[in-house]
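>>> structure of the sequence below:
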Amino acid sequence: MEPHLFTFDLALVWLDLAGVFFFAVSGSLLAAKKQFDIIGSLLLASLVALGGGVIRDIIINAGPPAAFTNPVYLLPPLLAAMLVYFLFSSIQRFTSLLTLFDAGGLALFCITGTLKALAAGMNPVAAILLGVTTAVGGGLLRDITANEIPTLFNARDLYALPAITGAALTALLWNMGAFNGLTAALIAVLVFGFRVVAWRRGWRVPLAVRGWHRAGVSSGADSRVRD
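Below is the predicted model:
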């Protein structure tokens, strides 16, 4: 293996593991809020942390997913479940933690998913789509399993758009020959900031049909979208 390829692969693994850890913490935090037991916390952490990567590896036909061939991928969910088990009683008032860790995982996975797709020879558009799928797939599985409204489909939150932005920038810089450690860090910070600021400020995108309005929730009104 050529040295630069070894360095690239190693950097990709570290980025992947960091994303796995951030998503795993979000899964364990949600499990704690739903009052799951420690096994449920570990399983939910593993589902959200590894789900997107498994989908990615299957789509690009990379052989058995990395989560099943490299035991190191099992360590971040275990660490996340243990950290939440011992620390959640003192941090449960900080409900924003789940969103912050989820944003961290989203920022890293949209980059690694796109990079793996490009390295596998996929065209930029397909690589962007796979990067977004990698980033949002685990969170979707987490929310469905925990019987939550998936953040991906929440009309009052931005989730896919930050991932699309990060994946598109990654593909653009890769094809320009300008992708490196520094630009990767800048993309991750941008996606993380975009996701968190959008969440805190309540940024939204238009609904599926022009002229529709979001139903209010504070008045106890029907939650359906009405004309």
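>>> can you give me the neighbour number for I144?
Counted with other Cβ atoms under 10 Å, the neighbours of I144 add up to 13. From N, CA and C alone the C-beta is placed, and that goes for glycine too.
>>> and it, what's its pLDDT?
Per-residue pLDDT puts I144 at 93.
>>> and it, that one's in a strand?
No - secondary structure of I144 (DSSP: H, G, I helix; E, B strand; the rest coil): helix, not part of a strand.
>>> contacts only, for the nearest residue to it once chain neighbours are set aside.
Among residues not flanking I144 along the chain, P150 sits closest, at 6.2 Å (Cβ to Cβ, 6 or more residues apart in numbering). Applying Cβ atoms under 8 Å, 6 or more residues apart in numbering to P150 gives the contacts G139, L140, D143, I144.
>>> of these - the most surrounded one?
Ranking the contacts of P150 using other Cβ under 10 Å puts G139 first, with 27 neighbours.
>>> buried ones in the helix or strand encompassing that one?
Assigned by DSSP states H and E, G139 falls within helix 124-145. By neighbour count with 16 or more other Cβ atoms under 10 Å, helix 124-145 contains the buried residues 124, 126-143, 145.
>>> so what's the spatially most central residue of the chain closest to, chain neighbours aside?
For the chain, L106 is the residue whose C-alpha lies nearest the centre (Cα atoms, centre = their mean; 3.0 Å). Spatial nearest neighbour of L106, excluding adjacent residues (Cβ to Cβ, 6+ apart): A135 at 5.0 Å.
>>> one more: D16?
Leaving aside its sequence neighbours, D16 sits nearest to T112 (Cβ to Cβ, 6+ apart; 4.9 Å).
>>> element containing that neighbour?
T112 is part of helix 96-119 when elements are defined by DSSP H and E.
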